[in-house]
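[1] Sequence plus the predicted model coming up.
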Amino acid sequence: MLSEEVSRKEREEIDIKLFGVVALLVFFGMAALYSSTFYTKNVSFAMQASVTLTLGTISLFLGMAIRTDYWKKIATPLIVLTGLLLILVLIPKVGVRINGARRWLRIWKFNFQVSELAKVSLILYLANSLHVIGPDIREFKEFAKHVIIVGVIGLLIAVEPSISAASIIVTVGFFMIFYAGARLRHVLIAILSATLLLGALILFYPHARNRILNKKHKSGDLYQVKQSKLAIANGGITGRGPGRGLAKYRYLPEISNDFIFALIAEEYGFVGSFIIVLLFIFLTIRGFYIARKHMVNTYKTTLAMGITLLFSLQAALHIGINTGIIPPTGVILPFVSYGKMAILTNMFLAGILIRLYYEIEESFEI
């Protein structure tokens, strides 16, 4: 449970470097969020952002303060609860429908995005389950059990529809299974099956099909990408300056979440964009380092790898979409984009990763 040994020694061994990277990314996010909304003078939105940041900070320290072994106890109940909530989301008049997608549950005055919870619960569940079965993951029976769980969670999210979130979750899940020791041929079969299913879903949903085929449709995704690339180009080397970007003046919808990188590039230029990229590269390298130091413990090394891959994959996809390299779809930039559940879950997972650094056994060296 909550660590009763937060001594002077423990505080000194917290990963200050990783903590600093997360803090810098959050700072960039808050600066960009303020810039994207100040001209509207939306006091209510500013208050919501402040409350979200406060709760996110609490979740960060919660992840840092609790021993990672504790999450083993709740991993299975949490994944079951997540599955039930994902089913509830799909039920008419229960799930909240926004922009044609049913991804939220209304809890009091708060829209709860279950797919964000799914990212946390699946990583915690796989890390624990793969640790329990150990080398048996090389047996097809055990491998299939875990792939089915990943597939069911991914499919429930995909039919909301949120194919991008489903793809991210399935990719992270498959990688964790492979990293834990699954046979390569088993993983390749699973990847092929998932790819075929993804292709079928893309063909089934017109909006996804049109994005892949680069066709214009009512959501105006191609317009958004064009405006995003224009904003990045207008930023030049040093940018227009904080608060002086033009894309936020309704030229680029969803600029505070799906296209926050374009806003940063316009106002802070190549320099600001490059700093963001470097921060995520450092976060990824640091996460791999922590995982490497825990290689004698399947639970902790797999947990660290799952969290690290989730952050780096989302960042790469977000930047790729903003620059027009990847077909447009909604992917947030961790710690930077605004999204209540995304901020809470990402800050919580970052706290766990920082905690894993503290739990590295001093006697273990590779």
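    Perfect, thanks for sending it.

[2] which residues make contact with stretch 279-290 from outside it?
    Applying C-beta atoms under 8 Å, 6 or more residues apart in numbering, the external contacts of stretch 279-290 come out as 15, 17-18, 21-22, 24-25, 304-305, 307-308, 311-312, 315-316, 353, 356-357, 360. From N, CA and C alone the C-beta is placed, and that goes for glycine too.

[3] how about that stretch: buried residues?
    Within stretch 279-290, the residues that qualify as buried are 279-280, 283-284, 286-287, 289-290, counting by 16 or more other C-beta atoms under 10 Å.

[4] Out of those, which comes closest to residue 347?
    residue 283 (13.1 Å; C-beta to C-beta).

[5] Pop out the phi and psi values for the closest one.
    phi -60, psi -40 (degrees, to the nearest 10).

[6] ok, now residue 88?
    Dihedral pair for residue 88: phi -60, psi -40, per degrees, to the nearest 10.

[7] so what pLDDT did it get?
    Residue 88 carries a pLDDT value of 87.

[8] With adjacent residues omitted, what lies nearest to it?
    residue 94 (5.3 Å; C-beta to C-beta, 6 or more residues apart in numbering).

[9] Distance of the one you found relative to residue 162?
    Using C-beta to C-beta, to the nearest Å, residue 94 is found at 17 Å from residue 162.

[10] Also residue 34?
    Between residue 34 and residue 162 the computed distance is 28 Å (C-beta to C-beta).

[11] of the two, who's got more company?
    Comparing residue 34 with residue 162 by neighbour count (other C-beta atoms under 10 Å), the higher total belongs to residue 162, at 20 against 14.

[12] Double-check the more buried one against residue 114; I have them as touching.
    No. Contact criterion C-beta atoms under 8 Å: residue 162 and residue 114 do not qualify, at 10.1 Å.

[13] which residues do the two both contact?
    residue 103.

[14] On the pLDDT front, check residue 44 for me.
    At residue 44, the model reports a pLDDT of 60.

[15] Going by contacts, tell me the helices and strands next to the longest strand anywhere in the chain.
    Longest strand of the chain, by residue count under DSSP state E: strand 101-107. Applying 3 or more C-beta pairs under 8 Å, 6 or more residues apart in numbering; DSSP states H and E, we find strand 101-107 packed against helix 71-89, strand 95-98, strand 110-113, helix 114-133.

[16] Parallel or antiparallel, which strands does it pair with?
    Applying DSSP bridges, strand 101-107 is found paired with strand 95-98 (antiparallel), strand 110-113 (antiparallel).

[17] Quick check: buried residues in it?
    Neighbour counts over strand 101-107 (16+ other C-beta under 10 Å) mark 102-105 as buried.

[18] give me the low-pLDDT residue ranges for the stretch 151-300 of the chain?
    Scanning the stretch 151-300 of the chain for pLDDT under 70 picks out the ranges 204-221.

[19] Out of the buried residues of strand 101-107, which is nearest to residue 188?
    Once C-beta to C-beta is applied, the member of the buried residues of strand 101-107 that ends up nearest residue 188 is residue 103, at 30.6 Å.

[20] Pretty sure the closest one sits against residue 112.
    No. The criterion here is C-beta under 8 Å, and residue 103 misses it with residue 112 at 9.6 Å.

[21] what touches both of these two?
    By C-beta under 8 Å, 6+ apart, no residue touches both residue 103 and residue 112.

[22] for the stretch 151-300 of the chain, what spans make up the helices?
    With DSSP state H, counting those that start in this stretch as the criterion, the stretch 151-300 of the chain has helices at 163-179, 184-204, 206-212, 221-235, 260-293, 298-322.

[23] got the angle for the longest one vs helix 163-179?
    Okay, so that is helix 260-293. Here the directions of helix 260-293 and helix 163-179 differ by 10 degrees (axes from the mean of the first three to the mean of the last three C-alpha atoms, to 10 degrees).

[24] and helix 260-293, how far out from the chain's middle?
    The chain centre lies 14 Å from the centre of helix 260-293; the measure is C-alpha atoms, centre = their mean, to the nearest Å.

[25] can you state the direction angle for it and helix 221-235?
    With the same axes, to 10 degrees as the basis, helix 260-293 and helix 221-235 are set at 90 degrees to each other.
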